[in-house]
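S.K.: With the sequence up front, the predicted model follows.
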Amino acid sequence: MLTPAAVRHADCPKTMTYGPCGGVNADGTCEVAPTPCVFLGDALPVRWDGDGTGGGAPSRNTEAAAALVTGTGTGRPHPAVATTAGRDVLDILARRPLIMTGFPARAMVRDDIARTADELRGRADAVLSGDAAGSRTQYPPAYRAVLMTNAGMRAWMGINARDRNRVALEGELAALQDIGVAGVHCVTGDHTRTGDRLDAQPVFDLEGTTLLPLARAQGLATSFAESPDAPPAALRGQRVREKEQAGGMLCLTQYCGDAEHVASFIERGRQAGTVAPVLPGVPLVVDRAGAELLASFHAATLPTGYVHALFAARDVRREGIRLAIEYGRSLLAVPGVSGVVVAGGVQPGDEQAYARALATVAAELGGGSS
C-alpha cells in the first residue's frame, strides 16, 4: 500500500509539512498562538516522501552517518562532502567527539567576527552561527561565512526558511559551498511573531526538512535540530529518522536535561532506526540575565539544579564555566553522544568575554586537539 504524499498543513502558522517543529509548548500549544499544535492530532511522524528537491541522496548520506557512528570512516575520504572544512569535521567525528560552540558577535559589526575568532581559534572544532531572536537583521550567512572563514574558523552556518524563498535559499547554499564552509544547520526558523522584527512577513516556502536535500545536493555537510522534550516527546526519535532520510547528517539537540535524559532520547532514536551522530546542547551561562534567557527557551530542559546553582553562586561567570564543563563531560560519557554544542545567551557588549568563556569550556572538553 502506498503512503499518501506529505502535504502542507494549512493551519500551521509556518505551513509546515514535516511538523511538529520544536516550538511546541509543554501543554501542546503552539509557540506562535495559544492554540493546540495542529500536528498533535495527526498520525506521526510525518514520513519523508522525497518530495520537493529530489531525495535520491539520503540513503547514501545515511550510510555515511552510520560510518561516523561506527568509526569505519576513520582515515577515509568523504567524497559526498565537497568542502575541505566539512571533510575535516567528519574526520574529527570519526576519531573523537566534536566540540562545537556558538559564535557570539554583534549583528552587522564586521570587526567583531575577527575578535571572536581570535578567542575561539584552535579551541572549538567548528563554530555555529545562526539566528537570534534579539537581532534578526544580520549579515547574510554567506557574507558572515566569508568573514569567519577568512578569520580561520570552520564555519557551520545556520540557514532558516523564514526569511527567503527556495530560489534565494538555493543561491545562498551554492555560495556557502563555494566559500568552503564546514557545514550548514538547516532549520525552519522561529516565526516573525517572535523576536525583534514583528513587522516582517515570514516566507516558509520551505522548512528545515526540505532544506536538507538542497544542501546535500550542493555537497554540503548538514545538521538539523531536534527538541527531545517538545511534545510529542515519545516520537521525537522517529522524527530524527525522517530528517536523516531527507539528508540530515548530524542531529543538534535543544537543551534536554540530565545525561540520563539524553541517553533515553538517543535510545528511543536508535530503536526507531536512527544513525546520525547526536550533539546535545551544553548551556553556558555567565550572568543572571543569561540564566533567565535560557530558562525561557521553548522546549528547553536544563540539567537538575543548574539555574539554582548559578543564582546561588557569588561568581556567576566562574560557576557557569564550571557547570558547563561538568555537564559537557557527563554528556560525552553517554553512549551515542558524538560531541556537544556549547552555547547560550550573551549580553550586548560582552561578546568577546563570552567567546573567551566558550573557548575555555571547549578546550576543557577536548576541542582543538588532534
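M.R.: Cool, the structure landed. Residues are numbered from 1 along each chain as shown.

S.K.: Would you map the helices across the stretch 101-250 of the chain?
M.R.: Here the stretch 101-250 of the chain has its helices, by DSSP state H, counting those that start in this stretch, at 110-120, 141-150, 166-179, 208-217, 236-246.

S.K.: Can you show me the strands along this structure?
M.R.: Taking DSSP state E, the strands of the chain run over residues 98-102, 126-129, 155-160, 183-187, 222-226, 250-253, 278-279, 281-283, 339-343.

S.K.: still on that earlier bit, most neighbours per residue, which of the helices of the stretch 101-250 of the chain?
M.R.: Greatest average neighbour count among those goes to helix 208-217 (a mean of 26), per mean count of other C-beta atoms under 10 Å. Yep, even glycine has a C-beta here, placed from its N, CA and C like the rest.

S.K.: Kindly export that one (C-alpha atoms) in CSV.
M.R.: Listed next in CSV are the C-alpha coordinates belonging to helix 208-217 (Å, rounded to 0.1, in the frame of the first residue of the first chain):
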residue,chain,number,x,y,z
GLY,A,208,14.1,22.6,7.8
THR,A,209,13.5,19.1,6.5
THR,A,210,13.1,20.2,2.9
LEU,A,211,16.2,22.4,3.1
LEU,A,212,18.3,19.3,3.9
PRO,A,213,18.3,17.7,0.4
LEU,A,214,19.0,21.1,-1.2
ALA,A,215,22.1,21.4,0.9
ARG,A,216,23.3,17.8,0.3
ALA,A,217,22.8,18.4,-3.4
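
S.K.: tell me how far it is from the chain's mean position?
M.R.: The chain centroid and the centroid of helix 208-217 are separated by 14 Å under C-alpha atoms, centre = their mean, to the nearest Å.

S.K.: now that helix against strand 155-160, angle please.
M.R.: Orientation of helix 208-217 against strand 155-160 (axes from the mean of the first three to the mean of the last three C-alpha atoms, to 10 degrees) gives an angle of 140 degrees.

S.K.: Can you name every helix or strand that helix 208-217 contacts?
M.R.: Applying 3 or more C-beta pairs under 8 Å, 6 or more residues apart in numbering; DSSP states H and E, one finds that helix 208-217 contacts helix 58-70, strand 155-160, helix 166-179, strand 183-187, strand 222-226, helix 236-246.

S.K.: for those, which one sits closest to Arg47?
M.R.: Nearest of the helices and strands packed on helix 208-217 to Arg47, taken as C-beta to C-beta: helix 236-246 at 6.2 Å.

S.K.: what about dumping the CA coordinates of the closest one to PDB?
M.R.: In PDB, the C-alpha atoms belonging to helix 236-246 read as follows (Å, rounded to 0.1, in the frame of the first residue of the first chain):
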ATOM      1  CA  ARG A 236      10.900  12.800  18.500                       C
ATOM      2  CA  GLY A 237      13.400  10.000  17.900                       C
ATOM      3  CA  GLN A 238      11.300   8.800  14.900                       C
ATOM      4  CA  ARG A 239      11.200  12.400  13.600                       C
ATOM      5  CA  VAL A 240      15.100  12.300  13.600                       C
ATOM      6  CA  ARG A 241      14.900   9.200  11.400                       C
ATOM      7  CA  GLU A 242      12.800  11.100   8.800                       C
ATOM      8  CA  LYS A 243      15.200  14.000   8.800                       C
ATOM      9  CA  GLU A 244      18.100  11.600   8.200                       C
ATOM     10  CA  GLN A 245      16.100  10.300   5.200                       C
ATOM     11  CA  ALA A 246      15.800  13.800   3.900                       C
END
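
S.K.: what does that helix contact?
M.R.: Contacts to helix 236-246, defined as C-beta atoms under 8 Å, 6 or more residues apart in numbering, come from residues 18, 44-48, 50, 55, 58-59, 61-62, 65, 208-210, 212-213, 224, 226-228, 230, 248, 251, 265-266, 268-276.

S.K.: Kindly report the same for stretch 10-25.
M.R.: When contacts are defined by C-beta under 8 Å, 6+ apart, stretch 10-25 is touched by residues 6-9, 30-33, 37-40, 44, 46, 48, 162, 188-191, 193, 202, 204, 207-210, 225-227, 230-232, 239, 242-243, 246, 254, 298-299.

S.K.: For stretch 152-166, output the C-alpha coordinates as PDB.
M.R.: Output of stretch 152-166 as PDB, limited to C-alpha atoms (Å, rounded to 0.1, in the frame of the first residue of the first chain):
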ATOM      1  CA  GLY A 152      40.500  30.800  10.400                       C
ATOM      2  CA  MET A 153      37.300  29.300  11.600                       C
ATOM      3  CA  ARG A 154      35.400  26.200  10.400                       C
ATOM      4  CA  ALA A 155      32.100  27.900   9.900                       C
ATOM      5  CA  TRP A 156      28.900  25.900  10.400                       C
ATOM      6  CA  MET A 157      26.200  28.300   9.200                       C
ATOM      7  CA  GLY A 158      22.600  28.300  10.200                       C
ATOM      8  CA  ILE A 159      20.100  28.600   7.400                       C
ATOM      9  CA  ASN A 160      16.400  29.200   8.100                       C
ATOM     10  CA  ALA A 161      13.400  29.100   5.800                       C
ATOM     11  CA  ARG A 162      11.600  32.000   7.400                       C
ATOM     12  CA  ASP A 163      13.300  34.900   5.600                       C
ATOM     13  CA  ARG A 164      13.800  33.600   2.000                       C
ATOM     14  CA  ASN A 165      12.000  31.500  -0.700                       C
ATOM     15  CA  ARG A 166      13.600  28.400  -2.200                       C
END
